[in-house]
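# Mind looking at a prediction? Sequence and model below.
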Amino acid sequence: MFRSDLTHEEVVAGMRALQPSIERYAELIVRKGVAVRPGQEVVVSAPVETAPFARLLVRTAYAAGAGHVTMIWGDDEVTRATYENVPVEWFRETPSWQRLMYDSLAEQGACFIFVEGADPEALKGIDPAKPMTAATARNSQCRVFRHGLDFNINPWCIAGAPVAAWARTVFPGLSDEAACYRLWQAILDASRALGDDPCADWELHNATFEKNLRMLNEAHFDRLRYTAANGTDLVVGLTKKHVWDGGKTETPEGRAFFPNIPTEEVFTSPDFHRVDGVVHAALPLVHHGTKIAGFWIRFEHGVAVEWDAAQGKDALDQILAIDDGARRLGEVALISKNTPIRESGLLFYDTLYDENASCHLALGMGFPECYEGGYGMETDELLAVGVNQSHTHVDFMIGTDDLCVTGIKADGTEMPVFVAGQWAWEQQ
């Protein structure tokens, strides 16, 4: 599907041919991703380099009935210059105007579209404490906004669009225009947006989650054991009233939306007290522009007590130091290797895509929807039943081709869930 010898004329023609799919992709994000309601405020946050696509999202949101669209721009170069020239102390407080902007938008019932597109090494050489401190401040101080996303009160959707530096990383050796064209192809393919009706295709895609969710929720395992030849040997306990979720999610009042496009995962929040053993990352993690690769973490009684990385250990240290919850797990996610992203053979160097090619875990915040009645519980109540709380949520990929996951029930009964990187029932 992906040629490496494209001429300028072929790229121009190819992009022209892709334009209808890109327009349908925008429609998918607006109508299924955040499910815009008539008169609703819509917020689009995007890198300046993706301006043509961001403008398309704005027009599509208005066509879907949005009452008003707020546009928030980001830029890797400006962000890097800021971190290079401003001391870390400055980032400990989110500016009052930003807090007011995000919190007031959330209070108005806005839905949020986040366009993902960044240079994976945009912040290479930057002190990782600076972006981590900024993110922690924003997540802890923009309280209405953060609560609205964490509890799915405000529908939100993360979806990608190419920027040149990211495209060159995924497709090295190509011109910027050829790399961006190929990345557009890859994004649309991964997002199941190349067909004539992606919105209908996503309803069918959502139906495929139902079997796996039913199997897991009916089994109601007490714990999962992960093993792989790379040294992973980890036991993750589950809460007594855990719920597996995936695909489409809902607001507390039952409004359906898709937080991630693409998505291939089913997930739940573990009991953050009951995690023991060692887990090795299967893919690099790019976090706030810093690449972390070749890393492992050892847990005892739910807490990360030892870790190392071949690259980016300082950034890993910073993640684990954000707060007490950052050293505990908030998510376990299961994804078969038989998915479009994994089968493409591409490493996207972007968590939105790479996490959907691989089983993963997440440090930090757990999900209230993954505990029976969780939407109606306060933070202290969620903590008391084992759902982790934190100002961060960082996914890292652990799915190898030989990964095995065994479900263990409270009475000790064992059942294979994953064998050789795929659902055990896919092999039957």
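That came through fine.
# So residue 271: helix, strand or coil?
strand (DSSP: H, G, I helix; E, B strand; the rest coil).
# What distance do you get for it to residue 301?
Separation of residue 271 from residue 301 (CB to CB, to the nearest Å): 11 Å. For the C-beta atoms, the positions are set from N, CA and C on the backbone; glycine is no exception.
# Compare these two (neighbour count), which wins?
Between residue 271 and residue 301, counted using other CB atoms under 10 Å, residue 271 has the larger neighbour count: 22 against 11.
# which residues touch the spatially most central residue of the chain?
The residue lying closest to the centre of the chain (CA atoms, centre = their mean) is residue 352, at 4.4 Å. By CB atoms under 8 Å, 6 or more residues apart in numbering, the contact set of residue 352 is 116, 158, 159, 160, 260, 262.
# Would you confirm that residue 236 contacts residue 273?
No. The criterion here is CB atoms under 8 Å, and residue 236 misses it with residue 273 at 11.0 Å.
# So the two - more neighbours on which side?
Ranked by neighbour count (other CB under 10 Å), residue 236 and residue 273 place residue 236 first, with 24 against 13.
# which stretches of the protein aren't confidently modelled?
Applying pLDDT under 70 to the chain flags the ranges 1-4, 427-428.
# and it, what are its domains?
Domain ranges of the chain: 8-190, 210-426, per automatic domain parsing.
# Out of the ones you listed, which gets nearest to residue 197?
Across the domains of the chain, residue 197 has its closest neighbour in domain 8-190 (7.6 Å, CB to CB).
# Quick one: end-to-end length of the closest one, please.
Its start and end residues considered, domain 8-190 measures 24 Å (CA to CA, to the nearest Å).
# Shouldn't residue 119 be within a strand?
No. Assessed with three-state DSSP, residue 119 is coil; it does not lie in a strand.
# Correct me if wrong: it contacts residue 76.
Yes. Between residue 119 and residue 76 there is a contact under CB under 8 Å: 5.2 Å.
# which residues does residue 370 contact?
Residues counted as contacts of residue 370 (CB under 8 Å, 6+ apart) are 242, 243, 244, 245, 267, 268, 269, 387.
# farthest-separated two in those?
Across these, no pair lies farther apart than 244 and 387, at 13.9 Å, counting by CB to CB.
# all helices of the protein, in order?
Ranges of helices in the chain, per DSSP state H, are 8-28, 51-63, 76-85, 96-107, 129-141, 143-150, 164-170, 176-190, 198-219, 313-320, 340-344, 351-354, 379-384.
# Could you tell me the angle between the second one and helix 8-28?
Looking back up the chat, that one is helix 51-63. 30 degrees (axes from the mean of the first three to the mean of the last three CA atoms, to 10 degrees).
# picking that back up, just the ones of the contacts of residue 370 in strands?
Among the contacts of residue 370, the members found in strands (DSSP state E) are 245, 267, 268.
# closest to residue 6 among those residues?
Distance to residue 6 across the ones in strands among the contacts of residue 370 (CB to CB) is lowest for residue 267, with 37.4 Å.
# Verify the stated contact: that closest one with residue 246.
Yes. Residue 267 lies in contact with residue 246 (CB under 8 Å); the separation is 6.0 Å.
# on that earlier part again, between residue 119 and residue 76, what contacts are shared?
Counting by CB under 8 Å, 6+ apart, the common neighbours of residue 119 and residue 76 are 163, 165, 289.
# picking that back up, of the contacts of residue 370, which is the nearest to residue 191?
Nearest to residue 191 out of the contacts of residue 370 is residue 267 (CB to CB; 18.7 Å).
# residues contacting residue 281?
Residue 281 is in contact with 292, 293, 294, 295, 296, 396, 397, 398, counting by CB under 8 Å, 6+ apart.
# beta partners for the fourth one?
In this structure, residue 295 has beta-bridge partners residue 309, where bridges are defined by DSSP bridges.
# neighbours of it, just the number please.
Residues near residue 295, counting by other CB under 10 Å, number 20.
# next one: the last one
By other CB under 10 Å, 25 other residues sit near residue 398.
# Touching, it and residue 226? I think so.
Yes. With contact defined as CB under 8 Å, residue 398 reaches residue 226; the gap is 6.9 Å.
# residues shared between the contacts of the two?
Both residue 398 and residue 226 are contacted by 232, 279, 359, under the criterion CB under 8 Å, 6+ apart.
# how close does the residue nearest to the residue nearest to the centre of the chain when sequence neighbours are not counted sit to residue 351?
In this structure, residue 352 finds its nearest non-sequential neighbour in residue 116, 5.1 Å apart by CB to CB, 6 or more residues apart in numbering. To residue 351, residue 116 is 9 Å away according to CB to CB.
# likewise residue 415?
Separation of residue 415 from residue 351 (CB to CB): 30 Å.
# which residues sit in contact with the residue nearest to residue 352?
158, 159, 160, 161, 350, 352.
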